[in-house]
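Asks: Return atomic coordinates for the entry below.
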Amino acid sequence: MKTLYMVRHAKSSWKHDVIDHLRPLKGRGNRDGALVSAHLANILTPPQIIVSSDAVRAKTTAEYFRQAFKITERDFHLNPNLYDFSGHAVIDSIKGLEDVYDRVMIVGHNHAFTSIANMLGNTYIDNVPTCGFVHIEFDEDSWSKITTGKTVQTLFPRDLKE
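Replies: Here you go, the predicted structure:
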């Protein structure tokens, strides 16, 4: 069985005069990254690796999860192909994962992540919000063969706030 944890990057800031790739998180994004990652680290089996888009807002979000799950630097990877908004390169990246890994977390961007969560999972999600989490399991032994799996869980920052 293969397990995919998907995390959309946390809320980014538009107040900095930088190219999109370099946009940092805003205060809410940092708070949500800490909140969601800590909660999930208490209830989930950790991923074996975390693979993140190399955009600053995604890397920063992924770092919250790396620390919460106590993932080593060796098992933390940046993949520029996850800086994708259509989803084609993200799907290729998922299907290209090494089969030695059964549980993988990827961190990236919308609209790709909502589309992929709906394509690969069996539960419709209108929108994966910033710092939103989707857990999908596949009854396959190879990432290259995954199709539709089972959406096991979603967790959005609003679920943890009063």
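Asks: all contacts plus neighbour counts: C-alpha atoms, from now on.
Replies: Will do.
Asks: and residue 160, how many neighbours?
Replies: Neighbouring residues of residue 160 were enumerated by other CA atoms under 10 Å; the total is 11.
Asks: Just list the residues touching it, thanks.
Replies: Contact criterion CA atoms under 8 Å, 6 or more residues apart in numbering gives 35, 36 as the residues in contact with residue 160.
Asks: Equivalent analysis for residue 134, please.
Replies: Listed by CA under 8 Å, 6+ apart, the contact partners of residue 134 are 5, 6, 7, 117, 151, 152, 153, 154, 155.
Asks: What separation is there between it and residue 107?
Replies: Distance check for residue 134 against residue 107: by CA to CA, to the nearest Å, it reads 11 Å.
Asks: Quickly list what's touching both of these two.
Replies: When CA under 8 Å, 6+ apart defines a contact, the residues bordering residue 134 and residue 107 alike are 6, 7.
Asks: just so I have it, where are all the strands in this protein?
Replies: Assigned strands in the chain, in chain order: 2-8, 49-52, 76-78, 103-108, 133-138, 150-155 (criterion: DSSP state E).
Asks: Reformat those strands as a markdown table; add distance to residue 67.
Replies: Conversion of these to a markdown table gives the following (distance: least, CA to CA, whole Å):
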| stretch | distance to residue 67 |
| --- | --- |
| strand 2-8 | 15 |
| strand 49-52 | 11 |
| strand 76-78 | 10 |
| strand 103-108 | 13 |
| strand 133-138 | 16 |
| strand 150-155 | 19 |
